[in-house]
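*Asks:* Task: produce atomic coordinates for the following.
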Amino acid sequence: MKPTTPTIGMQACASSLLTHHGYDAATKTLAVTFKHGGTTYHYANVSPEQYAALTGADSIGKHFAAHIKGKPDRHPHTKLSKEQQ
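*Replies:* From the prediction side, this is the model:
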């Protein structure tokens, strides 16, 4: 049986890297949609405090790149298919 992907409500953001972000506290999953390509990814193990820091950052894209993206040991990610987005 294939694991289910949480449905996460997304909100638009002003960023040169991302168009939308969302968070599911029950699964500690961050969802982001990238500006270039329009692809959505889910990042695991993101605490509510980390999400609050992301949304409160002066630059959401810079914060995301520095603290979440590229850290597969802490925040493994899954690329959503077009059907899942």
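*Asks:* then stretch 44-62 to PDB, C-alphas only?
*Replies:* C-alpha atoms of stretch 44-62 as PDB (Å, rounded to 0.1, in the frame of the first residue of the first chain):
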ATOM      1  CA  ALA A  44       9.200  16.200   6.400                       C
ATOM      2  CA  ASN A  45      10.100  16.800  10.100                       C
ATOM      3  CA  VAL A  46       9.400  20.500  10.100                       C
ATOM      4  CA  SER A  47       8.400  21.700  13.500                       C
ATOM      5  CA  PRO A  48       5.700  24.300  14.100                       C
ATOM      6  CA  GLU A  49       8.500  26.600  15.400                       C
ATOM      7  CA  GLN A  50      10.500  26.100  12.100                       C
ATOM      8  CA  TYR A  51       7.400  26.900  10.100                       C
ATOM      9  CA  ALA A  52       6.700  30.000  12.200                       C
ATOM     10  CA  ALA A  53      10.300  31.200  11.600                       C
ATOM     11  CA  LEU A  54       9.900  30.600   7.900                       C
ATOM     12  CA  THR A  55       6.700  32.600   7.600                       C
ATOM     13  CA  GLY A  56       8.100  35.400   9.800                       C
ATOM     14  CA  ALA A  57      11.300  35.700   7.900                       C
ATOM     15  CA  ASP A  58      12.200  38.800   6.000                       C
ATOM     16  CA  SER A  59      12.900  36.500   3.000                       C
ATOM     17  CA  ILE A  60      10.900  33.300   2.900                       C
ATOM     18  CA  GLY A  61      13.000  31.900   0.000                       C
ATOM     19  CA  LYS A  62      16.300  32.700   1.700                       C
END
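*Asks:* now it: how far from the chain's centre is it?
*Replies:* The chain centroid and the centroid of stretch 44-62 are separated by 9 Å, computed with Cα atoms, centre = their mean, to the nearest Å.
*Asks:* what does stretch 60-68 give?
*Replies:* Distance, stretch centre to chain centre, for stretch 60-68: 10 Å (Cα atoms, centre = their mean).
*Asks:* List the buried residues for it?
*Replies:* Going by neighbour count (16 or more other Cβ atoms under 10 Å), the buried part of stretch 60-68 is Ile60, Gly61, His63, Phe64, His67, Ile68. Every residue, glycine included, has its C-beta placed from N, CA and C.
*Asks:* Kind regards, and thank you for your time.
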